[in-house]
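J.: okay, sequence plus prediction incoming.
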Amino acid sequence: MITLVDAQAAAPEMAQLWNAAVPADLAIGLRGAEYNTCPAPGVAKACFLAQVDGAPVGFAFATALLEPELVRVPSRMGWLDALAVLPHARNAGVGGALLAQAQGWLREHACINMTLGGGLRPFMAGLPAQLGADAFFEKRGFVPRRENVWDVSRDLAGFVAPAKTFDSTFPRARIATPHDADAILDFLRRSFPGRWRYEFENYLQANHDVLECAIIETSAGVVEGFCRFNTERSTQPMDRLFHAGLPHPWGHVGPLGVSESLRGTGLGARVVNCALAHLAAQGIRGCIIDWTHLLAFYAGFGFAPFREYVMLGKDL
């Protein structure tokens with residue numbers, strides 16, 4: 001039996017089922033599950049729970065974008081954020097039935113497509129390659145949408161940023177303060193008005209006393225670049241990412257970007273180094289930059305490929 005349940009209320013059960021269904025290094029924490037399932041502006045979320053003889057054996061979690069203008073896309077988009085079936089219940093049609101329910105729900109919400117992972121509060125960037133589940137989804141009409149992406153990682157012990165990172169000449173890199181919130185938001189509205197601006201606006205609603213961000217600032221006080229970061233003390237929990245195997249304390253960097261007119265000038269590297277130096281000074285060790293295809297760029301900061309994701313989707 002498959003039932004539609006409230007996603008936020010089901011977060012603990014989803015985390016438990018997921019962790020029992022995947023390798024240990026893909027486990028998620030309760031804080032991460034609760035963060036990913038909590039309400040967000042302009043989206044609807046649904047959890048479909050599968051039971052056999054009254055016991056839960058799997059779930060599918062889907063998100064529908066109801067207001068495309070919020071992230072500057074032309075049409076409603078849909079995501080299958082997570083799908084898991086306990087090992088003993090596999091090969092009995094449970095996974096296919098859960099997928100069909102999620103797909104039908106997204107169609108009811110007029111979504112034009114269905115992407116594996118990569119939602120606005122993603123459980124994962126795409127389908128973890130290590131699961132080897134490509135064939136299951138391809139059999140049901142999913143096709144590659146873009147090149148695979150990666151999480152990259154490094155140990156920040158001993159990290160030293162290049163001296164020019166903190167050059168006092170403008171444009172300069174520095175750690176933002178809460179007073180910079182409006183200037184950063186202005187920058188995002190100019191340069192990255194879609195998803196990154198949407199995410200930052202939501203972040204500001206939950207963060208009033210701290211702003212976890214490095215910025216590029218001009219002599220006029222205008223922000224022209226940013227690089228966000230998180231630690232285990234952040235409101236955005238680390239256990240929504242897959243840090244298993246990396247030394248504690250954990251950290252996360254990204255997204256990052258600079259104004260189009262300043263790209264190629266080295267300011268992107270400067271703001272990344274500023275963020276990494278800040279984390280290293282706090283004693284952060286295992287650091288992830290998630291969801292990127294820029295392996296060569298991040299190799300310059302000592303990051304190596306850590307986890308690969310297959311990017312699959314289908315039209316609805």
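T.: Structure received.
J.: okay, helices next: where are they in this structure?
T.: 11-21, 30-37, 94-108, 134-138, 181-191, 195-206, 267-281, 295-299 (DSSP state H).
J.: return the set of buried residues in the fourth one.
T.: I take that to be helix 134-138. Neighbour-count burial for helix 134-138, counted by 16 or more other Cβ atoms under 10 Å, picks out 136-137. Every residue, glycine included, has its C-beta placed from N, CA and C.
J.: how about the last one?
T.: Residues of helix 295-299 classed as buried by neighbour count (16+ other Cβ under 10 Å): Tyr298.
J.: could you double-check that Asp155 sits in contact with Leu246?
T.: Yes: taking contacts as Cβ atoms under 8 Å, Asp155 lies within contact range of Leu246: 7.3 Å.
J.: higher neighbour count, those two?
T.: Shown here are Asp155 and Leu246; by other Cβ atoms under 10 Å, Leu246 has more neighbours (19 against 14).
J.: mind listing what the more buried one touches?
T.: Shown in contact with Leu246 (Cβ atoms under 8 Å, 6 or more residues apart in numbering): 153, 155, 285-288.
J.: Gly119 too?
T.: The neighbourhood of Gly119, defined by Cβ under 8 Å, 6+ apart, consists of 63, 79, 81.
J.: list only buried entries from the contacts of Leu246.
T.: 153, 285-288.
J.: and those, which two are furthest apart?
T.: Arg285 and Ile288 (11.3 Å; Cβ to Cβ).
J.: if I look at those two, which residues touch both of them?
T.: Residues touching both Arg285 and Ile288 by Cβ under 8 Å, 6+ apart: 246, 250-251.
J.: report the separation between Asp134 and Gln101.
T.: 21 Å (Cβ to Cβ, to the nearest Å).
J.: OK, contacts around Pro305?
T.: Neighbours of Pro305 in contact, by Cβ under 8 Å, 6+ apart: 150-152, 295.
J.: go again using 7 Å as the cut-off
T.: Neighbouring residues of Pro305 by Cβ atoms under 7 Å, 6 or more residues apart in numbering: 150, 152, 295.
J.: partners of it in the sheet?
T.: Val152 (DSSP bridges).
J.: same deal with the one 10 residues further on?
T.: For Asp315, the beta-bridge partners are Asn113 (DSSP bridges).
J.: repeat that for Glu217.
T.: Under DSSP bridges, the beta-bridge partners of Glu217 are Arg172, Val223.
J.: that one contacts Phe226, doesn't it?
T.: No: contact between Glu217 and Phe226 fails when scored by Cβ atoms under 7 Å: they sit 10.1 Å apart.
J.: tell me which of those two has more neighbours.
T.: Remark: of Glu217 and Phe226, Phe226 carries more neighbours, 25 against 20, as counted by other Cβ under 10 Å.
J.: roughly how far apart are that one and Leu66?
T.: 27 Å.
J.: what's the local residue count around Val152?
T.: Neighbours around Val152, by other Cβ under 10 Å: 24.
J.: list the contacts of it.
T.: 289, 292, 295, 298, 303-306.
J.: including distance to Arg233 and pLDDT, could these go into TSV?
T.: As requested, the contacts of Val152 are exported to TSV (distance: Cβ to Cβ, whole Å; pLDDT from 0 to 100):
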residue	distance to Arg233	pLDDT
Ile289	19	97
Thr292	24	96
Leu295	29	97
Tyr298	24	97
Phe303	22	98
Ala304	26	98
Pro305	27	97
Phe306	22	97
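J.: now, which of these sits nearest Ala15?
T.: For the contacts of Val152, the nearest to Ala15 is Phe306 (21.6 Å; Cβ to Cβ).
J.: leaving out sequence neighbours, find the closest residue to that closest one.
T.: The spatially closest residue to Phe306, leaving aside those adjacent along the chain, is Ser153, at 4.0 Å (Cβ to Cβ, 6 or more residues apart in numbering).
J.: tell me, what residue is most central in this structure?
T.: Nearest to the mean C-alpha position of the chain, by Cα atoms, centre = their mean, lies Pro122 at 4.7 Å.
J.: please report how far it lies from Gly225.
T.: 24 Å.
J.: and if you look at Ala102?
T.: 38 Å.
J.: could the contacts of Pro305 go into CSV alongside distance to Ala46?
T.: Below are these laid out as CSV (distance: Cβ to Cβ, whole Å):
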residue, distance to Ala46
Trp150, 29
Val152, 32
Leu295, 35
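J.: contacts only, for the closest residue to Trp18 other than its chain neighbours.
T.: Excluding the flanking residues, the one nearest Trp18 by Cβ to Cβ, 6+ apart is Ala84, at 4.7 Å. Going by Cβ under 7 Å, 6+ apart, Ala84 touches 17-18, 21-22, 58-59.
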